[in-house]
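In: Using only what follows, build the 3D model:
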Amino acid sequence: MWLFLTVVLLVGCTHKQKIMVPPRIVLAPFHNIGIITFSSNLNSRLQQTVTQNFMQRVQSAQAGVRFLELGPLAPILTSFGADHLNPDILMALAGKYPVNAIFTGHLEISEVKPKIRWNSVATTVKAEAYLEGVLTVRLLESGSGAILWTNSAAAKKSVAAISLNRNGPVGVSINDPEAKYGKLIRELVYNCTNDFFPYYVYQEVHE
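Out: Purely as a prediction, here's the structure:
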């Protein structure tokens with residue numbers, strides 16, 4: 001009986017408390033962080049856009065992060081006579097610039113793809129076109145070339161919708177794919193940078 005009452009009292013004095021946990025990746029110890037303009041299978045304007053979005057998102061997560069922009073990867077590789085980024089190049093960059101770690105990233109965006117939705121009893125058919133994107137980012141230690149952190153995110157956005165019936169198109173809604181890149185990039189960056197933000201967990205507290 002006493003054991004039962006003790007358990008009841010303990011349960012009655014237990015509640016869950018919301019506790020903030022530090023970010024999984026803390027950047028302050030690196031002091032200065034280099035960032036190589038993210039590469040992409042599309043034009044250079046989008047490369048700069050995704051790089052700037054990434055820096056803004058990281059700095060909103062951890063105030064005071066110091067970025068040093070190192071420019072696109074291609075000229076860096078050319079200057080070292082290399083075809084890919086390797087530890088020797090990273091150490092050389094650390095000797096030339098006051099950076100202790102370097103971010104690199106790649107944005108891959110697909111061509112517009114059609115998607116058709118219909119069934120045998122419907123009198124109309126809906127066709128949709130969309131973009132797919134994947135963003136992959138790495139944080140490298142400049143002194144050794146070791147990978148300190150890596151993450152990737154995938155997303156897709158609709159860019160056009162067309163309704164059809166037996167007599168031909170009945171409704172068309174087409175958005176400029178260029179205008180959609182911005183939303184797609186922001187979503188990819190958002191999903192790829194969660195490790196730099198503090199987060200909350202619920203922990204049982206006994207009183």
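
In: which helix in this protein runs the most residues?
Out: When the chain is parsed with DSSP state H, its longest helix is helix 44-61.

In: after that helix comes which helix or strand?
Out: As assigned by DSSP states H and E, the chain's next helix or strand after helix 44-61 is strand 66-72.

In: rewinding a little: show me what the longest helix of the chain is packed up against.
Out: strand 32-37, strand 39-40, strand 66-72, strand 101-109, helix 177-192 (3 or more C-beta pairs under 8 Å, 6 or more residues apart in numbering; DSSP states H and E). (C-beta placed from N, C-alpha, C; glycine too.)

In: will you turn those into JSON lines that also has distance to Ser152 and mean pLDDT?
Out: Shown next, in JSON lines, are the helices and strands packed on helix 44-61 (distance: least, C-beta to C-beta, whole Å; pLDDT from 0 to 100):
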{"stretch": "strand 32-37", "distance to Ser152": "17", "mean pLDDT": "97"}
{"stretch": "strand 39-40", "distance to Ser152": "14", "mean pLDDT": "95"}
{"stretch": "strand 66-72", "distance to Ser152": "21", "mean pLDDT": "96"}
{"stretch": "strand 101-109", "distance to Ser152": "9", "mean pLDDT": "97"}
{"stretch": "helix 177-192", "distance to Ser152": "7", "mean pLDDT": "87"}
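
In: Nearest to Ser60 among those would be which one?
Out: In terms of C-beta to C-beta, the element of these nearest to Ser60 is helix 177-192, at 10.6 Å.

In: Counting neighbours, which bits of the closest one end up buried?
Out: For helix 177-192, burial by neighbour count (16 or more other C-beta atoms under 10 Å) applies to 177, 180-181, 184-189, 192.

In: Start and end of stretch 183-199, how far apart?
Out: 24 Å (C-alpha to C-alpha, to the nearest Å).

In: any idea how far Leu42 is from Gln48?
Out: Distance of Gln48 to Leu42, computed by C-beta to C-beta, to the nearest Å: 11 Å.

In: oh sorry, the question was meant for Pro23
Out: From Pro23 to Leu42 the distance is 30 Å (C-beta to C-beta).
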